[in-house]
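Visitor: Return atomic coordinates for the entry below.
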Amino acid sequence: MKDFVFVAVSHELRAPLTTTMLWLRVLRDPTAEPAARAQAIEAIDQSSSAQARIVGDLLDVSRAMSGKLHVDVRPVDIGRLVGAAVEASLPAALAKRITLVHEGDTFTGELQADGARLRQVLDNVLSNAIKFTPPAGMVKTRIRRKRLAIVIDVEDTGCGIEESALPHIFEPFRQARGFAAPAEGGLGLGLAIAKQIVELHHGTITATSGGIGQGTLVTLTLPAAGHRRAPSPPAGVAGPRALNNINVLVIDDDARVRVALTELLRRAGAHVVPAESAPKARNHILSDAPHVIVCDIAMPGEDGYEFMRALRASGNKIPAIALTGYASRADADMALSSGFDMHVAKPIDFDRLVASVTHLLRR
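Guide: Now for the predicted structure:
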């Protein structure tokens, strides 16, 4: 099984990596036409997003298997969330001439849930429905209240699932092993993660099918009430000057990350001071204290935890965000206990980082 997983993961990562490397050659060619350069940028963007999704799925499966996958619960307008997921799926459906039907536009039910995680579930289920439905088919979503539960159905007219495979489709790596159209590719992790997320909400997710060629119905059932937990970093959209007049200190020993972050934050309106180490960051703080600090954790010599503990021990209360590849809940807890105000995991969602900065400053 380990050999199979390694081969499957390697295969899925090599495809977007190959795309990136080939299109980079186009970008480096000074004779490349503007249209070709624009196509290269778009292809690299899509490939990097694909790699980020694969890595994210692998981390989520690892967390789920070790009991460390968690949800951050807050009030969610489930009708609006489902509608947004359907709208986001429309381009993929149109590309295959698939009719996308959504019933329940006026649904106004609310539940306590992790909106981002539920959106992850809906995006995956809708993506699968569209992927395994032939051109000119139909995918229909319905949302309704059933006693104290909210039920969401995603039904397609696609290739269907064999009866013998139905009990296994929520197990990791099953798609890659041929339980569903292997020609479509993928690691088969999405539904396994979806099941874990739904169960963390004390709900259920099931799949039924009449067999090959008979389509599939996936049903999510969620309780209409839940328990609140601490919020995760806020989502948001970075405007062109969202950080006007804000001084940001960026600390990261990786020059590529540091330079890119500095450039993007400046484009968002911030005045940015970059530092490649904790000692240099400390000197910048003494000479001109920033409004907010964005700090890597894994740095040689003095790491981010040590830097922040020393800063807080000195009485300094500058808001600080830990920006790190250490993405587990335990890592987030360690960052907060060291004195950081927020933990943002790599790969970086820049819009979310900007929203986190503005959130901290407002608070």
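
Visitor: Give me the neighbour count for the nearest residue to Gln214 once chain neighbours are set aside.
Guide: Using Cβ to Cβ, 6 or more residues apart in numbering and skipping residues adjacent in sequence, the residue nearest Gln214 is Gly160, 4.3 Å away. The way it works is simple: take the backbone N, C-alpha and C, and place the C-beta from them, glycine included. Neighbour count for Gly160, taken as other Cβ atoms under 10 Å: 19.

Visitor: and if you look at Pro167?
Guide: 9.

Visitor: Arg144 belongs to a strand?
Guide: Yes: counting by DSSP: H, G, I helix; E, B strand; the rest coil, Arg144 falls inside a strand.

Visitor: Nearest residue to it in space, please, no chain neighbours.
Guide: Val151 (5.4 Å).

Visitor: surely the one you found meets Pro223?
Guide: No: checked against Cβ atoms under 8 Å, the pair Val151 and Pro223 is beyond contact range at 11.0 Å.

Visitor: still on that earlier bit, wasn't the residue nearest to Gln214 part of a helix?
Guide: No: using three-state DSSP, the assignment for Gly160 is coil, not a helix.

Visitor: Scan the chain for its longest helix.
Guide: helix 34-65 (DSSP state H).

Visitor: any low-confidence regions in the stretch 201-350 of the chain?
Guide: Along the stretch 201-350 of the chain, segments meeting pLDDT under 70 span 225-241, 327-329.

Visitor: Okay, helices next: where are they in it?
Guide: Assignment of helices within the stretch 201-350 of the chain using DSSP state H, counting those that start in this stretch yields the ranges 255-267, 278-287, 304-313, 329-338, 350-362.

Visitor: out of those helices, which comes closest to Asn124?
Guide: Across those, Asn124 has its closest neighbour in helix 350-362 (19.7 Å, Cβ to Cβ).

Visitor: Can you tell me which helices and strands the closest one packs against?
Guide: Contacts defined by 3 or more Cβ pairs under 8 Å, 6 or more residues apart in numbering; DSSP states H and E place helix 350-362 against strand 292-295, strand 320-324, strand 342-345.

Visitor: so what strands line up beside the longest one?
Guide: In the sheet containing strand 320-324, the strands it pairs with under DSSP bridges are strand 292-295 (parallel), strand 342-345 (parallel).

Visitor: Now do the phi/psi pair for Pro16.
Guide: Here is the backbone geometry of Pro16 (degrees, to the nearest 10): phi -70, psi -30.

Visitor: Return the residues in contact with it.
Guide: By Cβ atoms under 8 Å, 6 or more residues apart in numbering, the residues touching Pro16 are Gln46, Ser47, Ser48, Ala50, Gln51, Ile54.

Visitor: Give me the buried entries from these.
Guide: Neighbour counting by 16 or more other Cβ atoms under 10 Å classes Ser47, Ala50, Gln51, Ile54 among the contacts of Pro16 as buried.

Visitor: Specify which member of the residues you listed is nearest to Ile318.
Guide: Closest to Ile318, out of all of the buried ones among the contacts of Pro16 and judged by Cβ to Cβ, is Gln51, at 33.6 Å.

Visitor: Go ahead and confirm that closest one touches Leu13.
Guide: Yes: between Gln51 and Leu13 a contact is recorded at 6.3 Å, counting by Cβ under 8 Å.

Visitor: Which segments of the chain make up each domain?
Guide: Segmentation of the chain into domains, based on automatic domain parsing, reads 2-65, 74-223, 247-362.

Visitor: could you say what helices and strands the host helix or strand of Asn128 packs with?
Guide: Using DSSP states H and E, Asn128 maps to helix 115-131. Here helix 115-131 touches strand 74-77, helix 78-95, strand 138-146, strand 149-156, helix 190-200, strand 216-223, going by 3+ Cβ pairs under 8 Å, 6+ apart.

Visitor: before we move on, the earlier item: out of the contacts of Pro16, which comes closest to Asn316?
Guide: Nearest to Asn316, judged by Cβ to Cβ, of these is Ser48 at 35.7 Å.

Visitor: what sits against the closest one?
Guide: Listed by Cβ under 8 Å, 6+ apart, the contact set of Ser48 reads Pro16, Thr20.

Visitor: cool, and Leu24?
Guide: By Cβ under 8 Å, 6+ apart, the contact list for Leu24 reads Ala40, Ile44.
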